[in-house]
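Here's a sequence, model it:
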Amino acid sequence: MLFPGIVRQDSHHAQGIPTDKGMNKLTHFWGKNRQDKTNIANNNTYSNKKIVKSCGKNGHKSGNKSSKAWISRSLSGLLSMAAVVGLTACSAPGAASKSDSSLTKVTFMMSWAPDTNHIGVFTARDKGYFKKLGLDVTILATSQAGAEQSVSTGVADFALSNMSNVANANIKDGQLSLLMQIQRKPSAIWCSLKSNKSIKSPRDFDGKTFATFGGNESDAVIKRMIQKDGGKGIFDKVTVGTSTFNTLSTGKADFGGFYATWEGVQAQMYGPALNCFTEPDYGIPGNADELGIISSNSYLSKHPQIARKFIKAVQEGYTYSYLHPDDAAQILVSSPEGRSAGLKPAFVRRSMKVITQGQYWGSPAQIRKGSLTLGAIDFKAGQKYFDFLFESGSYADSKGRPVSHAPQASEQGTDKYLTSQKDILAALGIK
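Residues are numbered from 1 along each chain as shown. All right, here's what the predicted structure looks like:
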């Protein structure tokens, strides 16, 4: 099915973020959520050595910048943005150095620059949900090692990631767990420029050039989509330098990956027009984009009650954001991190509108009634996607050898830290 007018940039691609400081400021990772991170691909095992940089004498530690993601933004843009956001995290009003000493200090690492994937955490901080539960949460810029490795090695207590990344990390002894799932359906879209008349459906990707940051996962997805549409699944690849948009516009590649909830909005509002195709329409099973909050098994074993409080506050933040999208958008834009990123209010509001109207986080009506918990993990959808990747030969262990079986979704996360949706609604005063 053609997805007209939507540009898709996943973590594979480097894209520009619409900002008040310039349309092509390359800073954002739509943490779509699935990312074949270079730290997973290149670091065969998860080191216990912490890679950190200090914010100053009394500041918090934040990681060095994050690696390329599955459909990722410009790495150079991320690095510059991470430096800005890292400084912001040290000086933001909610920073621990200025907080009540009775609060328990907790760190949360973004998967990329500030965006609507992270919006519930920003809302929880702004609305005081963390402090109400006795937590002082510092939001950290992503690290060069990546959010997953930073959590695994204790640089951050929690982070935004997704079940697919957790599985890839755990194959290499990452010892991570997904604690809540925010996104319940895929947002990945695969697009060519609308002006490229030679591509009308995925089978036309055959023999064309794919703009990629690398990673077996994206190759497997593209191959399956082409074959499902009647093609052979054979294509060339070029590594994205700065922006997938630019790579397509300059003719260096014919198609690339995006996210409907971020780059799709960018294309609708600012261009360029794209022809896009969704994964479920072309044979990709399950949900590759099970975006959510992760922590390490080590941290969870030592601090189960802190984890439960943190997840409850985050549930409140995402529930409020989903039911009050315009207010949440303003919270993100007005945050120190959002101001540093130069996020445009109209763009963030539109992104939230796409998320809510598209029911990417589930049915708003069911969430408001309490019949669906925003945060519940869909292990069945995750397993379908893992089985597909295993069958395509996409998984390798820490020594680069093919694994003998697909990761088990039930071993990648747990719902036990979640609070019931009815209790979340009660905490928010929603009846």
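
In the helix or strand where Asp327 lies, which residues are buried?
Using DSSP states H and E, the element containing Asp327 is helix 325-334. Within helix 325-334, the residues that qualify as buried by neighbour count (16 or more other C-beta atoms under 10 Å) are 325, 328-333. Bear in mind the C-beta positions are built from the backbone N, C-alpha and C, glycine included.

Could you point out which of the residues you listed is nearest to Asp115?
The closest of the buried residues of helix 325-334 to Asp115 turns out to be Leu332 (C-beta to C-beta; 7.9 Å).

pretty sure the closest one contacts Lys344?
No - assessed by C-beta atoms under 8 Å, Leu332 is found out of contact with Lys344, at 11.1 Å.

so Ile294 sits in a strand?
Yes - counting by DSSP: H, G, I helix; E, B strand; the rest coil, Ile294 falls inside a strand.

show me the contacts for it.
147-148, 151, 158-161, 165-166, 176-179 (C-beta atoms under 8 Å, 6 or more residues apart in numbering).

Same question for Ser410.
379, 383.

run the last query once more with 7 Å
Ser410 is in contact with Phe379, counting by C-beta atoms under 7 Å, 6 or more residues apart in numbering.

same question, Ser198
Asp204.

Mind checking what secondary structure it has?
Quick answer, by three-state DSSP: Ser198 is coil.

So it versus Val221, what's the distance?
21 Å (C-beta to C-beta, to the nearest Å).

What of Ala426?
For Ala426, the distance to Val221 (C-beta to C-beta) stands at 41 Å.

neighbour count winner among those two?
Val221 (29 against 13; other C-beta atoms under 10 Å).

which secondary structure element contains that one?
Short version, using DSSP H and E: Val221 is in helix 216-228.

Show me which parts of that helix are buried, residue by residue.
216-228.

quick one, what contacts Val265?
Contacts of Val265 (C-beta under 7 Å, 6+ apart): 347, 350-351, 354.

Check which element follows the helix holding Val221 along the chain.
strand 236-239.

Beyond that following strand, next helix or strand please.
Counting by DSSP H and E, what follows strand 236-239 is helix 244-249.

Next, the buried residues of that following helix.
244-248.

Give me the mean pLDDT for it.
For helix 244-249, mean pLDDT rounds to 92.

go on, stretch 406-420?
Averaged across stretch 406-420, the pLDDT comes to 98.

with the contacts of Ile294 in mind, which one is nearest to Lys208?
Nearest to Lys208 among the contacts of Ile294, with distances taken as C-beta to C-beta, is Asn165, at 27.5 Å.

Beyond the host helix or strand of the closest one, next helix or strand please.
Counting by DSSP H and E, the element that carries Asn165 is helix 163-171. Next helix or strand after helix 163-171 toward the C-terminus (DSSP H and E): strand 176-181.

quick one: contacts of that following strand?
Contacts for strand 176-181 (C-beta under 7 Å, 6+ apart): 148, 151-152, 163, 166, 169-170, 290, 292-297, 300, 307, 311, 314-315, 375-378, 412-414, 417-418.

Of the residues you listed, keep whichever come out buried.
With burial judged by 16+ other C-beta under 10 Å, the buried subset of the contacts of strand 176-181 is 148, 151-152, 163, 166, 169-170, 290, 292-296, 300, 307, 311, 314-315, 375-378, 412-414, 417-418.

So what's the residue count around Tyr270?
When counting by other C-beta under 10 Å, one arrives at 15 neighbours for Tyr270.

ah, wrong one, I meant Gly128
11.

what's the spacing between it and Asp100?
Per C-beta to C-beta, Gly128 is found 12 Å from Asp100.

same deal with Ser301?
To Asp100, Ser301 is 27 Å away according to C-beta to C-beta.

quick one: the nearest residue to Gly370 once chain neighbours are set aside and Arg368, what's the gap?
In this structure, Gly370 finds its nearest non-sequential neighbour in Lys422, 3.9 Å apart by C-beta to C-beta, 6 or more residues apart in numbering. Using C-beta to C-beta, Lys422 is found at 11 Å from Arg368.

got it, and Trp112?
29 Å.

When these two are compared, which one has more neighbours?
Shown here are Trp112 and Arg368; by other C-beta under 10 Å, Trp112 has more neighbours (30 against 17).

Check the secondary structure at that one for me.
Quick answer, by three-state DSSP: Trp112 is coil.

Can you verify my assumption that it contacts Thr142?
Yes - if you go by C-beta atoms under 7 Å, Trp112 and Thr142 touch, sitting 5.8 Å apart.

From the buried residues of helix 216-228, which one has the minimum pLDDT?
Asn216 (86).

For Ser394, see how far away that residue is.
Using C-beta to C-beta, one gets 4 Å for the distance from Asn216 to Ser394.

And Arg339, by the same measure?
Using C-beta to C-beta, Arg339 is found at 39 Å from Ser394.

Neighbour count: those two, which is higher?
With neighbours defined as other C-beta under 10 Å, Arg339 and Ser394 compare such that Ser394 has more, 22 against 15.

The more buried one contacts Ser218, doesn't it?
No - applying C-beta under 7 Å, one finds Ser394 not in contact with Ser218, separated by 9.3 Å.

So in the chain, where's the weakest helix or strand by average pLDDT?
strand 2-4 (a mean of 27; mean pLDDT, DSSP states H and E).

Sketch out the low-pLDDT regions of the stretch 51-200 of the chain for me.
Low-confidence segments of the stretch 51-200 of the chain, defined by pLDDT under 70, are located at 51-99.

what about the strands in it?
53-54, 61-62, 104-109, 135-140, 158-162, 176-181, 188-193 (DSSP state E, counting those that start in this stretch).

Sheet partners, orientation included, of the third one?
In other words, strand 104-109. strand 135-140 (parallel), strand 158-162 (parallel) (DSSP bridges).
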